[in-house]
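A.B. asks: Sharing a model prediction with you, sequence too.
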Amino acid sequence: MAPRAAALSATYRGGGGSTGIADGDDALAYAFARMPATFAAVAACLAELARLRPDFVPLSLLDVGAGPGTATWAAAETFPPLDHFTQLDANPALRALAADLVRGAPRFDALRQLPGDVRQALAGAGDADLVIASYLVAELPEADLGPVADALWRRTRDTLLVVEPGTPAGHARIIALRSRLIAAGAHVVAPCPHDRPCPLAPPDWCHFTRRLARSRDHKQVKGVDAPFEDEKFSYVVLSRSAPARRPSAARVLAQPLVGKVEVAAKLCTADGRAVTLKAPRRDKAAYARARRWNWGDAVAADD
Ligand SMILES: C[S@@+](CC[C@H](N)C(=O)[O-])C[C@H]1O[C@@H](n2cnc3c(N)ncnc32)[C@H](O)[C@@H]1O
């Protein structure tokens, strides 16, 4: 198992994604190596969605490119009322593993699995309140991003979450999908506090990170010693209704630098700008507030 997981991790880091998964052992190795990290990323995005839209109560989920069902589990945990689960994936070994993982859990008794390629199968997948494509788009040819974005949006009754690796390429895919769907009527819930064009230009890119502890088995299967790993991800949550936003809403785009003289925090602001806010020590309240900010936080830039 460890050599397979190491090989799949290497393929993943090399941009190859889940393409090498041919049988049940590969699927299991992939889940051991990657599921804790992709789960952490999706759970973080969903927590932000739930925090920003406490009124959103999805009853149905469509998990597209579900793999072992990572996003299904994260969504079930975040939204207890969810009771209609559909998973779509082209890979039979991963579908079989996803089915094994929910076996015996009554919550998922009615889980529906759809085989097939998203480029065709999404048309017959049915609509859902919440649609998630987690680490899927990276596996598609660039030319398919637009049509797949449109198809994901057509299936979305309320909210769509797309998560990608937190690389410049992952961010670029998120931005392309974001602007295309805003043009089609979508509104951004997170991470951007606005629907305007992304203010970041290469080589800068928007991404976030989650640190997760590695269990003994996780370390063993990956053949590594470090007791934790940092998963970097880019994401967008799009909704059919415009979220309520304060004019001072901002997103912290990197870990703020805390110095003796000031705290410097890189923010994306509600008017669509990327700025470095400097909170001087002599302004005790502003300094104390900015000191508590963390990378990824949604904050009020001026109160
Ligand atoms: C990197 S895995 C992510 C799995 C899971 N969503 C997660 O976040 O852990 C990508 C998944 O997308 C599926 N996939 C890739 N291209 C696909 C396509 N064209 N149609 C359907 N599924 C696809 C793969 O089989 C794989 O399960």
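C.D. replies: That came through, no problem. Just so we're clear, the structure is a prediction, and the values are computed from it rather than from any experiment.
A.B. asks: Strands of the stretch 101-250 of the chain, residue ranges please.
C.D. replies: Counting by DSSP state E, counting those that start in this stretch, the stretch 101-250 of the chain has these strands, from start to end: 112-115, 128-134, 156-165, 187-190, 208-213, 228-239, 249-252.
A.B. asks: Show me what the helix or strand encompassing residue 94 packs onto, helices and strands only.
C.D. replies: For residue 94, the enclosing helix or strand under DSSP states H and E is helix 92-102. Contact here means 3 or more C-beta pairs under 8 Å, 6 or more residues apart in numbering; DSSP states H and E; on that basis helix 92-102 packs against helix 24-52, helix 70-78, strand 84-89, strand 112-115. No exception for glycine: its C-beta is placed from N, CA and C like everyone else's.
A.B. asks: near the ligand, anything from that helix?
C.D. replies: Yes. For helix 92-102, a contact with the ligand is found by C-beta under 6 Å from any ligand atom, at residue 94.
A.B. asks: where in this protein is pLDDT low?
C.D. replies: Per-residue confidence for the chain (pLDDT under 70) gives these ranges: 1-17, 303.
A.B. asks: Quick check: can you list the domain ranges of it?
C.D. replies: If you go by automatic domain parsing, the domain ranges for the chain are 2-239, 249-300.
A.B. asks: could I get these as JSON lines with mean neighbour count?
C.D. replies: What follows is the domains of the chain, written out as JSON lines (neighbours: other C-beta atoms under 10 Å):
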{"stretch": "domain 2-239", "mean neighbour count": "18"}
{"stretch": "domain 249-300", "mean neighbour count": "16"}
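A.B. asks: Around the ligand, pick out the residues from the stretch 101-250 of the chain.
C.D. replies: Where the stretch 101-250 of the chain comes near the ligand, counting by C-beta under 6 Å from any ligand atom, the residues are 117-119, 134-136, 139-140.
A.B. asks: Residue 289 is nearest to which of the helices and strands packed on helix 92-102?
C.D. replies: Among those, the nearest to residue 289 by C-beta to C-beta is helix 24-52 (18.4 Å).
A.B. asks: Name the strands paired with whatever helix or strand comes next after the closest one and say parallel or antiparallel.
C.D. replies: Reading on from helix 24-52 to the C-terminus, the next helix or strand found by DSSP H and E is strand 60-64. Note on strand 60-64: by DSSP bridges, its sheet partners are strand 84-89 (parallel), strand 128-134 (parallel).
A.B. asks: got these as TSV, with distance to residue 235 columns?
C.D. replies: Formatted as TSV, these follow (distance: least, C-beta to C-beta, whole Å):
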stretch	distance to residue 235
strand 84-89	19
strand 128-134	9
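A.B. asks: what's the residue of the stretch 151-300 of the chain found nearest the ligand in contact with, if anything?
C.D. replies: Distances between the stretch 151-300 of the chain and the ligand by C-beta to the nearest ligand atom are smallest at residue 163, namely 6.9 Å. With contacts defined as C-beta atoms under 8 Å, 6 or more residues apart in numbering, the neighbours of residue 163 are 38, 41-42, 45, 71, 132-135, 233-235.
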